[in-house]
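Student: Got a predicted structure plus its sequence, pasted below:
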Amino acid sequence: MAVTGLAICPQVSLAEGFTGKDFSAWPVESQDSFIQTSVTMAGVVLTQLQPEKSTCIDKWYIGEGRRAERDAYIRETIIAYSNFHPSGTLLAILVEACGSLK
């Protein structure tokens, strides 16, 4: 679960500026844009470092037409962990879905 990633690296993910609480105040369309851009960038970076992880993220996020479902899950998780930076929470979700990105 995403909690695992947050529990392992709270010093990295705990935000003093932008948080999930700030994110939750955005319109859903803006939240989805943030999520889609972040997941896409993670996939692009991983194509150079770990292509198999990039493929996993693509299949998990957009496979079988599940993007809207994944957006909702990511949005809910970011809001549930509102004291953390949304990018840290998103990273924990991707690690949960596809394994370590190290």
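Tutor: In hand now; what should we look at? Numbering: from 1, shown residues only.
Student: The most centrally placed residue in the chain sits in which helix or strand?
Tutor: Central residue of the chain (CA atoms, centre = their mean): residue 90, 1.9 Å from the mean position. In this assignment (DSSP states H and E), residue 90 forms part of helix 86-98.
Student: If you compare the directions of the strand or helix carrying residue 33 and helix 86-98, what angle comes out?
Tutor: Using DSSP H and E, residue 33 sits in helix 28-49. Counting by axes from the mean of the first three to the mean of the last three CA atoms, to 10 degrees, helix 28-49 points 60 degrees away from the direction of helix 86-98.
Student: Centre of the chain to helix 28-49, how far?
Tutor: Distance, stretch centre to chain centre, for helix 28-49: 8 Å (CA atoms, centre = their mean, to the nearest Å).
Student: can you list the residues that contact that helix?
Tutor: Residues outside helix 28-49 that contact it (CB atoms under 8 Å, 6 or more residues apart in numbering): 23-24, 26, 53-54, 57-58, 61, 67, 70-71, 74-75, 78, 86-87, 90-91, 94, 101. To be clear about C-beta, it is placed using only N, CA and C from the backbone, and glycine gets the same treatment.
Student: try 10 Å
Tutor: Residues from elsewhere that reach helix 28-49, judged by CB atoms under 10 Å, 6 or more residues apart in numbering: 23-27, 51-58, 60-62, 67-68, 70-75, 78-79, 86-87, 90-91, 93-94, 98, 101-102.
Student: list the buried ones in it?
Tutor: By neighbour count on 16 or more other CB atoms under 10 Å, the buried set for helix 28-49 is 31, 32, 34, 35, 36, 38, 39, 42, 43, 46.
Student: Against residue 83, how distant is the fifth one?
Tutor: With distances defined as CB to CB, to the nearest Å, the gap from residue 36 to residue 83 amounts to 24 Å.
Student: for the fourth one, same thing?
Tutor: Taking CB to CB as the measure, residue 35 and residue 83 are separated by 19 Å.
Student: Alright, calling it a day.
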